[in-house]
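Enquirer: Next come a sequence and a model predicted from it.
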Amino acid sequence: DAKTTQPTSMDCAEGRAANLPCNHSTISGNEYVYWYRQIHSQGPQYIIHGLKNNETNEMASLIITEDRKSSTLILPHATLRDTAVYYCIVRVGSDYKLSFGAGTTVTVRA
Amino acid sequence: DTAVSQTPKYLVTQMGNDKSIKCEQNLGHDTMYWYKQDSKKFLKIMFSYNNKELIINETVPNRFSPKSPDKAHLNLHINSLELGDSAVYFCASSPGQGLGTEAFFGQGTRLTVV
């Protein structure tokens, strides 16, 4: 799996958009970008994934650069409940394994 | 209904004991996993089963033995517990390979070995 690089931590104001960057400069053509989050003391939760195109669901939007070497997860209106560790993961679609890095600790402040 | 359920949620035991953690998923998924999250908060995969067959074993000590009686269950048995086994253990399931194979995680079992 390609390695990802994320900032260690970031703060966000409640009600504002949170933009979480992820670098994956060695990503291969058949690797997808996945985002998960882990709220304190809970199991990780799937957020979104994509290959080339930008993706949006009820939780977030995923913007992938044209060269696919980086991506940004956007939480459009952050709430206090979005405080969590966010993991950016790249994996081949046929791979059974999810490899988690250190992630970004996001703190949403009132 | 809880999609992936683990029991017990907390487990405190002495060194040298043998213990089991149970996991059940009601999502009809083919693949199940065990992950370990240590005190440094890194999540590491331990095992993966697909349709009751072991497909990933990440060099876990053989004191850890997963057992999958059917594709809805993946239990983790640990022999001769050591202090270093203290961690949170997460069970997960996914449909299998390919697109849309997002994993669903249980709420974790906090194991403390004293």
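Expert: That came in fine, so what should we check first? The model shown is predicted, which means the values in this text are computed figures rather than measured ones.
Enquirer: ok now do residue B:68, which residues does it touch?
Expert: Shown in contact with residue B:68 (Cβ atoms under 8 Å, 6 or more residues apart in numbering or on different chains): B:32, B:49, B:52, B:54, B:74-75. C-beta here means a position set from N, CA and C on the backbone, and glycine is covered the same way.
Enquirer: Quick check: of those residues, which lies closest to chain A?
Expert: Set against chain A, the nearest of the contacts of residue B:68 by Cβ to the nearest Cβ is residue B:49 (9.3 Å).
Enquirer: which non-adjacent residue is nearest that closest one?
Expert: In space, and not counting its chain neighbours, residue B:49 is closest to residue B:68: 4.7 Å by Cβ to Cβ, 6 or more residues apart in numbering or on different chains.
Enquirer: quick check, the one you found in a strand?
Expert: Yes. Checked against DSSP: H, G, I helix; E, B strand; the rest coil, residue B:68 lies within a strand.
Enquirer: ok, it to residue B:55 distance?
Expert: 11 Å (Cβ to Cβ, to the nearest Å).
Enquirer: Centre-most residue in chain B?
Expert: The residue lying closest to the centre of chain B (Cα atoms, centre = their mean) is residue B:34, at 2.9 Å.
Enquirer: Counting neighbours, what do you get for residue B:16?
Expert: Residue B:16: 10 surrounding residues under other Cβ atoms under 10 Å in any protein chain shown.
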